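> dropping a prediction and its sequence here:
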Amino acid sequence: MDNQTSVYDIMDVCLLAGKIMLQSGAETYRVEDTMMRMATALGIGQTHSYVTPTVILFSIEETGAAKTKLIRISERTTDLKKVAMVNSVSRKISSGDTGLLEAWTELKEIEAAKLTYSFMYQLAAAAVASGCFTIMFKGSWVDFLPSVAAGGGGFLCAVYFHRLVPVKFFSEFLASTIIGLLSFAFITLGLGQELDKIIIGSVMPLVPGLLITNAVRDLMAGHLVSGISKGAEAFLTAFAIGSGIAVVLSLL
């Protein structure tokens, strides 16, 4: 393998690692740092990376000429297990335990792996978490089961609507509306006591906690574009949730 080919191979490995991390919910500065550390460990000392929530730009300066590649990120989710696995590959490259070809093979396996829990597990976790949040916010145990039902129904609707129309704002707005309607129905039927506690607990699985955390961490790390864009996305999600509940409360 000649030098030109190896340089582009190193870029591909670094970009693949960055792509997996960014799609799995990693912070922007962590993606940039991992890519640059991997390139350095593979023998490329002069590198530059620029990462936003939707684009990864990676450049290598070798023998006086800069080589740059760009990839587009269209889908993002939360899978911190994949982030940890990519970090593990990066550490093995830095320690010399893994070569370029082995790293590429392992990263492709990580990219193709389905590590998330099944939908039924996620639905059950969202439902139980809703009830627990209601108790945490000083709701009564009478409101526990209504919160479980409303939170589970809202999560189910959010996933279903997102599959029908891949617009995050739309699915979260409709899901929060369903939560508001279910919560009001439980209160009307005498199955719950405090409407506000049921609603607050039920919408918590929809709240973009990781997105808010990453936005703050990126801003603190000096990545202003990424921090502001993630903050704007989190604000739109919160606005969609609040709007759905507001529509229900204003009409009923």
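Perfect, I can see it now.
> all helices of the stretch 101-250 of the chain, in order?
119-136, 144-164, 168-188, 195-203, 209-220, 224-251 (DSSP state H, counting those that start in this stretch).
> could you list the buried residues of the longest one?
Going back to what we said before, that points to helix 224-251. Using 16 or more other Cβ atoms under 10 Å as the test for burial, helix 224-251 gives 226-227, 229-231, 233-234, 237-238, 240-241, 244-245, 248. All C-beta spots, glycine's among them, are computed from the backbone N, C-alpha and C.
> now swap in the fifth one and tell me
In terms of neighbour count (16+ other Cβ under 10 Å), helix 209-220 has its buried residues at L210, L211, I212, N214, A215, R217, D218.
> next: the first one.
Using 16+ other Cβ under 10 Å as the test for burial, helix 119-136 gives L123, A126, A127, V128, A129, S130, G131, C132, F133, T134.
> the closest residue to the third one other than its chain neighbours: what's it in contact with?
Beyond its immediate neighbours in the sequence, the residue positioned closest to A127 (Cβ to Cβ, 6 or more residues apart in numbering) is G152, lying 3.2 Å away. Taking Cβ atoms under 8 Å, 6 or more residues apart in numbering as the contact definition, G152 lies against L123, A124, A126, A127, S130.
> go again with 6 Å.
Taking Cβ atoms under 6 Å, 6 or more residues apart in numbering, we find G152 in contact with L123, A126, A127.
> the second one is in contact with G154, isn't it?
Pointing back at A126 there. No - A126 is beyond contact range of G154, at 8.0 Å (criterion: Cβ atoms under 6 Å).
> any low-confidence regions in the stretch 51-200 of the chain?
Scanning the stretch 51-200 of the chain for pLDDT under 70 picks out the ranges 62-65.
> relative to A112, which of the contacts of G152 is nearest.
L123 (24.5 Å; Cβ to Cβ).
> from V159, how far out is the closest one?
Computed as Cβ to Cβ, to the nearest Å, the L123 to V159 distance reads 8 Å.
> same question, I241
Distance from I241 to V159, counting by Cβ to Cβ: 15 Å.
> same thing with I228?
To V159, I228 is 28 Å away according to Cβ to Cβ.
> next one: I93
Distance of I93 to V159, computed by Cβ to Cβ: 36 Å.
> cool, and G131?
From G131 across to V159, the span is 19 Å (Cβ to Cβ).
> repeat that for D79.
D79 sits 16 Å away from V159, going by Cβ to Cβ.
> so these two - more neighbours on which side?
Taking other Cβ atoms under 10 Å, D79 and V159 do not tie; D79 has more neighbours (20 against 15).
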